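**Q** Based on what follows, work out the 3D shape:
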Amino acid sequence: MKSKFVQSLALATSALLIGGSAFAQVKIAYIDPLSGPFANVGDAGLKGFKEAAEILVNQKGGIMGQKLEFVGFDNKGSPQETQLQLKAAIDQGFRFVTLGNGSGAAHSLIDAVNKWNARNPDKTVLFFNYAAVDPTLTGEKCSFWHFRFDANTEMKMEAISNFMEKDKNIKKVFIIGQDYAHGHQVAKYTKEMLTKKRPDIKIVGEDLHPIGRVKDFAPYIAKIKASGADTVMTGNWGNDLSLLIKAAKDAGLKARFFTYYAGGLGTPQAMGAAGENMVLQLTEWHMNVPTKSTEQFALDFNKKYPGIWFYYLRVNNMVQMVAKAMNTAKSTDPKAVALALEDLRFPVDTGEVWMRKSDHQAMQPLYISIFSKKDGKAVKHDSEGTGYGWKTLATVSQRDSQLPTSCIMERP
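**A** Predicted coordinates:
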């Protein structure tokens, strides 16, 4: 018969092993489309998070010695499926979730997280938003349990409209977007801001199309062409942007496109030479922004995942800021992490990201760039092997991208 000491030691060792296994990793549920028309976008995002976690956190000591891991949950791009996947993640013990595509799913997730946390104050969940940009998410619908790491639609349109204000060649603008919250917001702020800053510009047309369901954008491009527009404003993303640009290229449309996401997966390939000096984007980074380490991270990522190409610097920023908050709080309790994230100022390759406490909206430098031929200088790197990449036309400082918020946050 074993002595009581040996039995106690065995039990303690067993408990330690079980506890170590249970808490060896800090896990974040990645709830985004991994099937359907935007599966390529979701898959690229998941790979980006996994790589950022490994290179930028785990290889540098992790979170209090624990590894950070992202686990995919397929919401198929549906707000309803988003809530089902949140429940599945919670049932598996996840206390942190992230989502980016798109704002409809983000609205659904915030609602579900708020309800869960109100009913389960001892098992709260924290939502890190890396790409859903509807301003109301950090405005009227702001939540203590939600943090956004991307600039919102209003902030982006403020920067774009300031740039458009100075371009006297712009006379006629056509607005086209996806028929959901984000597309509606892009149209709203485009009209409001251009009317205020450039009342001489005519909005010659506006169109919304079903998200993820249009296979041929030729009829939409025909309307744009008939309107006489010299400029197109769109918040489209994923295949909805790639196919739109391809249709414009095929129809020989000479209008310039102002976009949020033209550097994203597949769109540079769709543009090719036809996009040269015709397509602009606003982002927090691109491959030809001089950086200390992000350039090498992107080159290594592109080599490891051929055909995807690194795009979201904010994924890297989010991963590092979340890890910093957890290490600072010395806790993985969602409330403690949220409090540590509030007002956090984090140095990044492009300057600084500030997480504003009042609405949990990240403030960061932004760049307006144009698709241009690779020249080894201003366009050192191309996109997706096209021979064309992004050339910076304007830099928007963190201070200049800040706008007032309507958030009145309820705090636990």
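**Q** which residues does the nearest residue to G100 once chain neighbours are set aside contact?
**A** Counting by CB to CB, 6 or more residues apart in numbering, A131 is the residue found nearest to G100 once chain neighbours are left out, at 2.9 Å. For every residue, glycine as well, the C-beta is placed using N, CA and C. Contact partners of A131, counting by CB atoms under 8 Å, 6 or more residues apart in numbering, are G45, G100, N101, G102, D150, Y312, R314.
**Q** mind running it again at 10 Å?
**A** Residues near A131 by CB atoms under 10 Å, 6 or more residues apart in numbering: 32, 41, 45, 98-103, 106, 148-150, 237, 260-261, 264, 312, 314-315, 318.
**Q** One more: P33?
**A** With contact set as CB under 10 Å, 6+ apart, P33 has these partners: 39-43, 45, 74-78, 81-82, 99-102, 105, 212, 238.
**Q** Checking G45 next. Helix, strand or coil?
**A** Under DSSP: H, G, I helix; E, B strand; the rest coil, G45 falls in the helix class.
**Q** correct me, but it touches Y30?
**A** Yes - with contact defined as CB atoms under 10 Å, G45 reaches Y30; the gap is 7.2 Å.
**Q** Overlap of the contact sets of those two?
**A** In contact with both G45 and Y30: F70, G72, T98, L99, G100, Y130, using CB under 10 Å, 6+ apart.
**Q** how long is stretch 133-140 end to end?
**A** 14 Å (CA to CA, to the nearest Å).
**Q** ugh, wrong one, I meant stretch 387-401
**A** One end of stretch 387-401 sits 31 Å from the other (CA to CA).
**Q** what pLDDT, on average, does it get?
**A** Averaging pLDDT along stretch 387-401 yields 94.
**Q** Only the buried residues of that stretch, if you could.
**A** Neighbour counts over stretch 387-401 (16 or more other CB atoms under 10 Å) mark Y388, G389, W390, K391, T392, A394, V396, Q398, S401 as buried.
**Q** Which one of these is nearest to R198?
**A** A394 (16.2 Å; CB to CB).
**Q** did I read that right, the closest one in a strand?
**A** Yes - the assignment for A394 by three-state DSSP puts it in a strand.
**Q** E165 is in contact with that one, correct?
**A** No - the pair A394 and E165 fails to qualify as a contact (CB under 10 Å) at a distance of 11.6 Å.
**Q** Report the contact partners of L126.
**A** L126 is in contact with 28, 95-98, 113, 117, 143-147, 322, 325, 332-338, 341, counting by CB under 10 Å, 6+ apart.
**Q** mind running it again at 6 Å?
**A** Shown in contact with L126 (CB atoms under 6 Å, 6 or more residues apart in numbering): F96, W145, P334, A338.
**Q** Among the residues you listed, which lie within strands?
**A** Applying DSSP state E to these, the entries found in strands are F96.
**Q** Can I get the contacts of L126 in CSV including pLDDT, neighbour count and distance to Q296?
**A** What follows is the contacts of L126, written out as CSV (pLDDT from 0 to 100; neighbours: other CB atoms under 10 Å; distance: CB to CB, whole Å):
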residue, pLDDT, neighbour count, distance to Q296
F96, 98, 20, 28
W145, 98, 21, 35
P334, 98, 20, 33
A338, 98, 22, 32
